[in-house]
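J.: Mind looking at a prediction? Sequence and model below.
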Amino acid sequence: MKADPASQRRLLGLQQIDTAAARLERRVQTLPLHETIASLAARRSGAADDVTAAETRRSDAEAALAKAEDSVKAVRERLTRDQQRVESGQMDAKALASMVDEVDHLKGRVGVLEDAELAAMEALEQAEAAVVAAAARARDVEQGLRTAVGEREAAVAAAKTEMAGLRGRRQAAVGDLPGELVTLYDRLRGRYSGVGVGEFQGNRCTACGLEATAADRARYDGAPADEVLRCAECERILVRPAS
Ligand SMILES: [Zn+2]
């Protein structure tokens, strides 16, 4: 293939643009924010589970308190009824003695049940505090997630702008080059990990870094300036320095 030496050298500029674009793409794909967001999303679902569990414990505590309150109320009502009967003076001695015993027993029972009611109130307070704390943690995670997503969107938008700039530069660079030279370059670039051209510098190809043998060196030196050389080692286009 033939191409004027200036066009060959411009391929090196095109390669710089393509390398920058590939690097930019990799940078977007490997943004640390991707991991941050994935980890926060996992924590969000855990935090939501914690809130649900805390709310369930609060419901249980509410039910336990209601039950304790009902128990106290029932025993108190019975105690009041019994006391009224004792005070009515309309019972015979035997029934009265038995009723007084029951009143004593019921007083003790009310005390026990009131202690239980108090404990249920405290348990409910703790359960309510746990719901508030779990909800606050869930909000923190949600906030962190939103921030990270916003940062990622900004980073991706900035990369898109940068990429658009590189695409524009590439279009301009390609426009200045012979089509078949670009086609060859693109084919080699696709085949050899994004690099399609190297420069011959200090007896080495900058694309593969390998030194030319004496025979290859002689072949490169003897080739006409407009001949598109290929590196004997890596097969990429080999551009000679401007003379
Ligand atoms: Zn090479």
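T.: The structure has been received and is ready for your questions. Everything numeric here is computed off the predicted structure, so don't read it as measured data.
J.: Just say helix, strand or coil for residue 198.
T.: Using DSSP: H, G, I helix; E, B strand; the rest coil as the criterion, the local structure at residue 198 reads strand.
J.: so how many other residues sit close to it?
T.: Neighbourhood size, residue 198 [other C-beta atoms under 10 Å]: 27. Heads up, the C-betas are built off the backbone N, CA and C, glycines and all.
J.: isn't it right next to residue 212, touching?
T.: No - no contact is recorded between residue 198 and residue 212 when judged using C-beta atoms under 8 Å, the distance being 11.1 Å.
J.: State the mean pLDDT of the lengthiest helix in the chain.
T.: The helix of greatest length in the chain, counted in residues with DSSP state H as the criterion, is given as helix 93-175. Averaging pLDDT along helix 93-175 gives 97.
J.: Can you say which helix or strand has the residue nearest the centre of the chain in it?
T.: Centroid check for the chain by C-alpha atoms, centre = their mean gives residue 37 as the closest residue, at 1.4 Å. Here residue 37 is covered by helix 32-88, with elements defined by DSSP states H and E.
J.: Which neighbouring elements make contact with that helix?
T.: Helices and strands touching helix 32-88, as assessed by 3 or more C-beta pairs under 8 Å, 6 or more residues apart in numbering; DSSP states H and E, comprise helix 93-175.
J.: which element follows the helix it packs on toward the C-terminus?
T.: Toward the C-terminus, helix 93-175 is succeeded by helix 179-191 as the next helix or strand (DSSP H and E).
J.: got any residues that touch both of residue 198 and residue 212?
T.: Taking C-beta atoms under 8 Å, 6 or more residues apart in numbering as the criterion, residue 198 and residue 212 both touch residue 205.
J.: Could you tell me the angle between the longest helix of the chain and helix 32-88?
T.: Taking axes from the mean of the first three to the mean of the last three C-alpha atoms, to 10 degrees, one finds that helix 93-175 is oriented at 170 degrees with respect to helix 32-88.
J.: picking up where we left off before, looking only at pLDDT, what's the mean for the helix holding residue 37?
T.: When pLDDT is averaged along helix 32-88, the result is 96.
J.: Confirm residue 238 sits in a helix?
T.: No - under three-state DSSP, residue 238 falls outside any helix and is assigned strand.
J.: which residues sit against the one helix or strand residue 23 maps to?
T.: Mapping residue 23 onto the secondary structure by DSSP H and E places it in helix 5-29. The list of residues contacting helix 5-29 from outside it, by C-beta under 8 Å, 6+ apart, reads 155-156, 159, 162-163, 166-167, 169-170, 173-174, 176-178, 181-182, 185, 189, 194-197, 199, 225-226, 228, 237, 239-240, 242-243.
J.: out of the residues you listed, which are buried?
T.: When the contacts of helix 5-29 are checked for burial by 16 or more other C-beta atoms under 10 Å, the buried set is 159, 163, 166, 169-170, 173-174, 177, 181-182, 185, 189, 195-197, 199, 228, 237, 239-240.
J.: Test my guess that residue 83 contacts residue 103.
T.: Yes - counting by C-beta under 8 Å, residue 103 is a contact partner of residue 83 at 6.0 Å.
J.: what residues does the protein put near the ion?
T.: Remark: the part of the chain in contact with the ion comprises 198, 205, 207-208, 231, 233-234, using C-beta under 5 Å from the ion.
J.: would you turn these into JSON lines with pLDDT, secondary structure and distance to residue 91?
T.: Supplementary listing: the residues of the chain next to the ion in JSON lines, determined by pLDDT from 0 to 100; DSSP: H, G, I helix; E, B strand; the rest coil; distance: C-beta to C-beta, whole Å:
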{"residue": "198", "pLDDT": "98", "secondary structure": "strand", "distance to residue 91": "116"}
{"residue": "205", "pLDDT": "97", "secondary structure": "strand", "distance to residue 91": "118"}
{"residue": "207", "pLDDT": "97", "secondary structure": "coil", "distance to residue 91": "113"}
{"residue": "208", "pLDDT": "97", "secondary structure": "coil", "distance to residue 91": "114"}
{"residue": "231", "pLDDT": "98", "secondary structure": "coil", "distance to residue 91": "119"}
{"residue": "233", "pLDDT": "96", "secondary structure": "coil", "distance to residue 91": "118"}
{"residue": "234", "pLDDT": "97", "secondary structure": "coil", "distance to residue 91": "115"}
